[in-house]
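1. I'd like to go over a predicted model; first the sequence, then the structure.
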2 protein chains.
Amino acid sequence: MANPHELVFDPSAHPHRRWNPLTNEHVLISPHRMKRPWLGQTEPPQVGALPQHDPGCYLCPGNKRAGGEQNPDYTKTYTFPNDFAAVLSHPTPDVPSPPHPLMTVQPVHGACDVVIFHPRHDLALARLSNDDLLRVIEEWVSIYKSRSSQDGIKYVQIFENKGAMMGCSNPHPHGQVWSLSAVPTMASTELASMKQYSLSTPPPSTAPKGPEGRPCLLCDYADLELSFTENEGRIVVKNDKWLAVVPWWATWPFETLVLPYRRHVQDISQLEDEEVASLADILSRVTTRYDNLFSCSFPYSMGIHQRPVSSTADSGPEHDIAHLHIHFSPPLLRSATVKKFLVGFELMAEAQRDLTPEQAAARLRACSDVHYLDG
Amino acid sequence: MANPHELVFDPSAHPHRRWNPLTNEHVLISPHRMKRPWLGQTEPPQVGALPQHDPGCYLCPGNKRAGGEQNPDYTKTYTFPNDFAAVLSHPTPDVPSPPHPLMTVQPVHGACDVVIFHPRHDLALARLSNDDLLRVIEEWVSIYKSRSSQDGIKYVQIFENKGAMMGCSNPHPHGQVWSLSAVPTMASTELASMKQYSLSTPPPSTAPKGPEGRPCLLCDYADLELSFTENEGRIVVKNDKWLAVVPWWATWPFETLVLPYRRHVQDISQLEDEEVASLADILSRVTTRYDNLFSCSFPYSMGIHQRPVSSTADSGPEHDIAHLHIHFSPPLLRSATVKKFLVGFELMAEAQRDLTPEQAAARLRACSDVHYLDG
Ligand SMILES: [Zn+2]
Ligand SMILES: [Zn+2]
């Protein structure tokens, strides 16, 4: 074999590491391994056609929930407090000072809401009309505003966990919103990275700026991705206001980052009407492409990261650097039944992937915007 | 309900957050939720009795591997390079300078070894004799030493990924060792925390000290855990030299941290004979209790964290602060078939658990040291 130093580095052929500037973590990429035979586990395929209404589903209109309450005959979205919330609304008793700095404890309170996206049992986000998606976004904004105004709430974490492969047993389209008296670890880590970036001096660009004219990590990153030609970059789809990209540092095989690129938007309550409509459009395009990739109802965890709540005293202008974005983390690897496990090396050392983000983006770009069940 | 501020804080009843000083991350604990009904997915139970030799197993003595080579008739441990290694032994070509600081790339090289623990197809670590476990540890030390001496290697990550639930399809007892030209993210994060702790001034203690008489995070933590009475703390089992504890900040339901507590040991090559024997003993006790907890071959990911390789120029005395330790991260939650998924809130916000570390430790303490299949 030739002296490898004489070869030209090819990110689609040579093992390398990429740095995730949002989390300050690395991902190990092993593209040469794409041809290895699959010796691992396969998952049972997703069930086929679902009923439009399931009498045994605790989320369908009119049905009883686990806690005993009955759902109303809702016709759009419907939100209720989780019957088994991870945090409680009343403050926890004051915690004693820790016996040692290695055993600190922090009180926490807040609320956990369940948001049903649609009365139809069988329609995930990918199958909803843009009008229905608009209502889901409006519901998120409404919960964000009302929970933000509650005493002591510092962060509103909107997320969706979809698919049996993700441990979510009920296919009825729904997500959750956990509002907490603390900024969760990941939001806090990303904020610190955005803050640090805003104080650095990256190469000049025409990207939108953050507060006080400072550089914004995600405004700059979006601008950078937009500078590649359509077929060589990592952008899956873009519209007027938003783009969806398989980030340079993606961990999950078909991970995407969805973000507004026209201006520095801090949280969903700041979105203008056109931006909301445009978000509905891109959510539809991303989730439809996901379903079309392996012709299945694509499992994923989705989470919205945004500005900590502004009403609290300690969330001043320093949080204005937050740039609203949405993460999609899907576990599927090479078919509807082959899952990526985050175990072993990844649990003990660092993230690792074989398929490059560029290859993943190309595959998602090649998928249709029309859902395979509606084609 | 009474004013909660008048109540006394009870970590086994009130939601709270704990801080992980190794990773600088938080975990949200919701002990009040332990009584919620289980609506989630269950996994198929592990298969029952395995043959002592499986003609279809690519790890059994004398069988052919996926790469085409034949295993020798080994009688103790057997190590070979992974046929589909995530990194390659020859250096990657020099990488060009990144177009932007948000798109950095780093070359990486190294080696991936597979370590078969024993010729018997059916004997996991929990079923091996202490003599056989001793040979596994000696094999790890031998690989650590030989890979450490190779050009450019900076870290030797020893790990095991066990069980179909963890995506490991072959029950033949084996682990892996990935030796890399970079210190992986998690080891690097933990080292930074240990470094920072060594420069802080924690409360005085009689714990062993790190280099230059400075405090060591894990020496101090072990000392702290040893100060609790046997039934109220988080220690699962201890012997002469090692202890196994469900750490204060544990993420996984039955996560344990195994560490030497008598002196500041930096890596496995520094272990004295007595410490190796004592490690074999505690590994047997921990894995046996795991199997006994739900009467099954308990799945987990295990990883050894230790000092980066000392032969490289940039791994000077500043890495002496590393304290050797072993993480066990098992996914089982409440039975052999109910798994915890790290999804949704945990993937997007922060780690979350219902069972407290104290409750988990008590359950593991209550398990026998004698394996249920050998009882
Ligand atoms: Zn984010
Ligand atoms: Zn560690």
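-> Looks like it came in fine. Ligands and ions are numbered 1, 2, ... in the order given.

2. my guess is A:Arg285 contacts A:Val237, does it?
-> Yes - the pair formed by A:Arg285 and A:Val237 meets the contact definition of CB atoms under 8 Å, at 4.8 Å. C-beta here means a position set from N, CA and C on the backbone, and glycine is covered the same way.

3. what touches both of these two?
-> Common neighbours of A:Arg285 and A:Val237, using CB atoms under 8 Å, 6 or more residues apart in numbering or on different chains, are A:244, A:369.

4. how about the most centrally placed residue in chain A, what does it touch?
-> Nearest to the mean C-alpha position of chain A, counting by CA atoms, centre = their mean, stands A:His327 at 2.3 Å. By CB under 8 Å, 6+ apart, the contact list for A:His327 reads A:255-258, A:301-303, A:305, B:348.

5. now render those as JSON lines, adding neighbour count.
-> Shown next, in JSON lines, are the contacts of A:His327 (neighbours: other CB atoms under 10 Å in any protein chain shown):
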{"residue": "A:Glu255", "neighbour count": "19"}
{"residue": "A:Thr256", "neighbour count": "31"}
{"residue": "A:Leu257", "neighbour count": "24"}
{"residue": "A:Val258", "neighbour count": "23"}
{"residue": "A:Ser301", "neighbour count": "26"}
{"residue": "A:Met302", "neighbour count": "24"}
{"residue": "A:Gly303", "neighbour count": "24"}
{"residue": "A:His305", "neighbour count": "27"}
{"residue": "B:Met348", "neighbour count": "24"}
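
6. of all these, which comes closest to ligand 2?
-> B:Met348 (23.5 Å; CB to the ion).

7. which pLDDT value belongs to the closest one?
-> Reported pLDDT at B:Met348 in the predicted model: 96.

8. before we move on, what SS does the nearest residue to it once chain neighbours are set aside have?
-> Spatial nearest neighbour of B:Met348, excluding adjacent residues (CB to CB, 6 or more residues apart in numbering or on different chains): A:Gly303 at 2.7 Å. On the three-state scheme (DSSP: H, G, I helix; E, B strand; the rest coil), A:Gly303 is labelled strand.

9. where are the low-confidence patches of chain A?
-> A:1-6, A:35-42, A:44-48, A:311-316 (pLDDT under 70).

10. going along the chain, name the helices of it.
-> Here chain A has its helices, by DSSP state H, at A:130-148, A:185-198, A:217-226, A:273-293, A:345-348, A:357-365.

11. how about stretch A:7-16 as CSV, C-alpha atoms only?
-> Provided in CSV are the C-alpha atoms of stretch A:7-16 (Å, rounded to 0.1, in the frame of the first residue of the first chain):
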residue,chain,number,x,y,z
LEU,A,7,-2.9,10.2,-0.5
VAL,A,8,-5.4,13.0,-0.4
PHE,A,9,-7.7,12.9,2.6
ASP,A,10,-11.2,11.8,1.6
PRO,A,11,-13.9,12.1,4.4
SER,A,12,-16.0,9.5,2.6
ALA,A,13,-13.1,6.9,2.8
HIS,A,14,-10.7,7.6,5.7
PRO,A,15,-11.5,7.3,9.4
HIS,A,16,-11.5,10.7,11.1
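
12. tell me the buried residues in it?
-> Neighbour-count burial for stretch A:7-16 flags A:9, A:11, A:14-16 (criterion: 16 or more other CB atoms under 10 Å in any protein chain shown).

13. before we move on, what about stretch A:240-251?
-> Buried residues in stretch A:240-251, counted by 16+ other CB under 10 Å: A:241-251.

14. redo those residues as TSV? Include distance to ligand 1.
-> As requested, the buried residues of stretch A:240-251 are arranged in TSV below (distance: CB to the ion, whole Å):
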residue	distance to ligand 1
A:Lys241	18
A:Trp242	15
A:Leu243	15
A:Ala244	14
A:Val245	13
A:Val246	15
A:Pro247	10
A:Trp248	14
A:Trp249	12
A:Ala250	12
A:Thr251	12
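
15. and which of these is nearest A:Ser179?
-> Closest approach to A:Ser179 among the buried residues of stretch A:240-251 (CB to CB): A:Trp242, at 24.7 Å.

16. I'd say the closest one and A:Ser278 touch.
-> Yes - shown here, A:Trp242 and A:Ser278 form a contact pair, counting by CB under 8 Å, at 5.5 Å.

17. need the contact list for A:Ser17.
-> Rather than Ser, residue A:17 is Arg. With CB under 8 Å, 6+ apart, A:Arg17 has these contacts: A:26-29, B:105-108, B:182.

18. please check those and keep the buried ones.
-> Neighbour counting with 16+ other CB under 10 Å marks A:26-29, B:105, B:107-108, B:182 as buried within those.

19. for these, work out which two are farthest apart.
-> Greatest spacing in those, by CB to CB: A:Val27 and B:Pro107 (14.2 Å).

20. about what we covered before: may I ask which two of the buried residues of stretch A:7-16 are separated the most?
-> Top of the distance list for the buried residues of stretch A:7-16 (CB to CB): A:Phe9 and A:Pro15, 10.7 Å.

21. can you list residues touching both of the two?
-> Any residue near both A:Phe9 and A:Pro15 by CB under 8 Å, 6+ apart counts here, and that gives B:Thr92.

22. can you list the residues of the stretch 101-250 of chain A near chain B?
-> Contact residues, the stretch 101-250 of chain A versus chain B (CB under 8 Å from any CB of the partner chain): A:101-109, A:157, A:159-161, A:164, A:166-170, A:176, A:178, A:180, A:182, A:184-187, A:189, A:200, A:202-203, A:217, A:220-221, A:224, A:248.
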